[in-house]
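1. Have a look; sequence and predicted model below, questions after that.
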Amino acid sequence: MQQGSELQGRVALVTGASSGIGRASAIALAAAGAQVVVNHRAAGDSQARAAAVVEEIQRSGGQAVTAAADISREDHVDLLFKAVIAHYGRLDILINNAGIEQPAPIADMTLADWQRVIDVNLTGHFLCARAAAKQFTLNPANPARQGLATGNIIFISSVHEVIPWAFQVNYAASKGGIAMLMKSLAQELGPAKVRVNSIAPGAIRTPINQPAWDTPDSLANLLKLIPYGRIGEPEDVARAAVWLASDASDYVTGTTLFVDGGMTLYPEFRGAG
């Protein structure tokens, strides 16, 4: 992998980076020159998968380390950001990616089902964004970046911040919340030259939605919802993340970039108007 320079000298934290979109984003940011912290959960095989991401980055000449944390817990987030500063001395980019699904019909959805998704997908993103905003003010000044962003927060949202999703009301509510969290933070932090944006992926080939694409029939049904005619890959989102993190998008803040192959165009309504 050829190393780029768009993000040279900057430090990026990617939450939930042991697989899927987070993994692809960590690799792409490192390829663009950033030093990357690959966050993962402490449970299960996340640590091994995160270590594999770091190894891949290092083999390609990049710099990365792992850091375990459950972003839904304030004490874990505090320790995570301390680990970032201990490793690299600063933070320039936060990719707020970690997320989960716990689907159920509303009549069967327990409070625990609701709360866990909100805790990770919305509260966790708030906790990380708050910690990043604080850290940006503590970063040593870089005269070479005068007039450019002093910090960059990118939320990984979903097309379901605008498309309702039956049987996933907890997930859809969390992503709708991300939309207003992002915009409100962009409004608040803009005067400090901190840019805040979101990426809203559509159907992406990741483990979290594998049942939707892992058989020919399920993939065919999914493609009916995508005018562009293919399922997205994690790298499609990762390339958007690099652009939003770079100075090429310096005048972009408070916006959601939909990376969805046109899913939000509601293609099932073609010819029915």
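-> On my side now, so go ahead. Residues are numbered from 1 along each chain as shown.
2. where does Gln174 land in three-state SS?
-> For the record, residue 174 is Ser, not Gln. Recorded secondary structure, Ser174: helix (DSSP: H, G, I helix; E, B strand; the rest coil).
3. should've said Leu122
-> Leu122 falls in the helix class when you classify it by three-state DSSP.
4. Over to the one 5 residues further on?
-> Going by three-state DSSP, the secondary structure assigned to Leu127 is helix.
5. Now do the strands in this protein.
-> For the chain, applying DSSP state E gives strands covering 11-14, 35-40, 63-68, 93-96, 151-156, 194-201, 256-259.
6. any idea of the pLDDT on Ser218?
-> Predicted confidence (pLDDT) for Ser218: 89.
7. Please name the nearest non-neighbouring residue to it.
-> The shortest distance from Ser218 to any non-neighbouring residue, by C-beta to C-beta, 6 or more residues apart in numbering, is to Ala212 (5.7 Å). Glycine gets a C-beta too; all of them are placed from N, C-alpha and C.
8. Then Arg41?
-> Arg41's closest residue in space is Asp70 (C-beta to C-beta, 6+ apart), at 6.1 Å.
9. Kindly report the same for Pro211.
-> Using C-beta to C-beta, 6+ apart and skipping the chain neighbours, the partner closest in space to Pro211 is Ser218 (6.6 Å).
10. if I look at that neighbour, how far off is Gly229?
-> Per C-beta to C-beta, to the nearest Å, Ser218 is found 16 Å from Gly229.
11. Between these two, point out the one with more neighbours.
-> Ser218 (13 against 8; other C-beta atoms under 10 Å).
12. what sits against the nearest residue to Arg10 once chain neighbours are set aside?
-> Nearest in space to Arg10, with sequence neighbours left out and distances taken as C-beta to C-beta, 6+ apart, is Asp92 at 4.0 Å. Residues counted as contacts of Asp92 (C-beta atoms under 8 Å, 6 or more residues apart in numbering) are 10-12, 34, 136, 139, 151-152.
13. Tell me which of the residues you listed has the lowest pLDDT.
-> Asn139 (94).
14. Now for that residue: which residues touch it?
-> Contacts of Asn139 (C-beta under 8 Å, 6+ apart): 90-92, 150-151.
15. So what's the gap between stretch 21-34 and the chain middle?
-> Computed by C-alpha atoms, centre = their mean, to the nearest Å, the chain-centroid distance of stretch 21-34 equals 11 Å.
16. what's the answer for stretch 74-93, then?
-> Chain-centre distance of stretch 74-93: 17 Å, with C-alpha atoms, centre = their mean.
17. Pull out the buried residues from that stretch.
-> Residues of stretch 74-93 classed as buried by neighbour count (16 or more other C-beta atoms under 10 Å): 76-77, 80-81, 83-84, 87-88, 90-93.
18. Need the pLDDT of the residue nearest to Arg41.
-> For Asp70, the predicted pLDDT is 97.
19. what number of residues lie near it?
-> There are 18 residues near Asp70, going by other C-beta under 10 Å.
20. how much space between it and Met109?
-> 22 Å.
21. Same check on Arg205?
-> 27 Å.
22. For Arg230, which non-adjacent residue is closest in space?
-> Nearest non-adjacent residue to Arg230, counting by C-beta to C-beta, 6+ apart: Gly261, 6.6 Å away.
23. OK, contacts around that neighbour?
-> So Gly261 contacts 202-203, 226-232 (C-beta under 8 Å, 6+ apart).
24. just to revisit the earlier point, which among the buried residues of stretch 74-93 gets closest to Glu55?
-> Of all the buried residues of stretch 74-93, Glu55 sits closest to His87, with 16.4 Å by C-beta to C-beta.
25. In contact with the closest one: list those residues for me.
-> Contacts of His87 by C-beta under 8 Å, 6+ apart are 35, 37, 65, 67.
26. Now tabulate those residues in CSV and tack on pLDDT.
-> What follows is the contacts of His87, written out as CSV (pLDDT from 0 to 100):
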residue, pLDDT
Gln35, 98
Val37, 98
Val65, 98
Ala67, 98
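27. First-to-last residue distance for stretch 89-99?
-> Its first and final residues considered, stretch 89-99 spans 27 Å by C-alpha to C-alpha, to the nearest Å.
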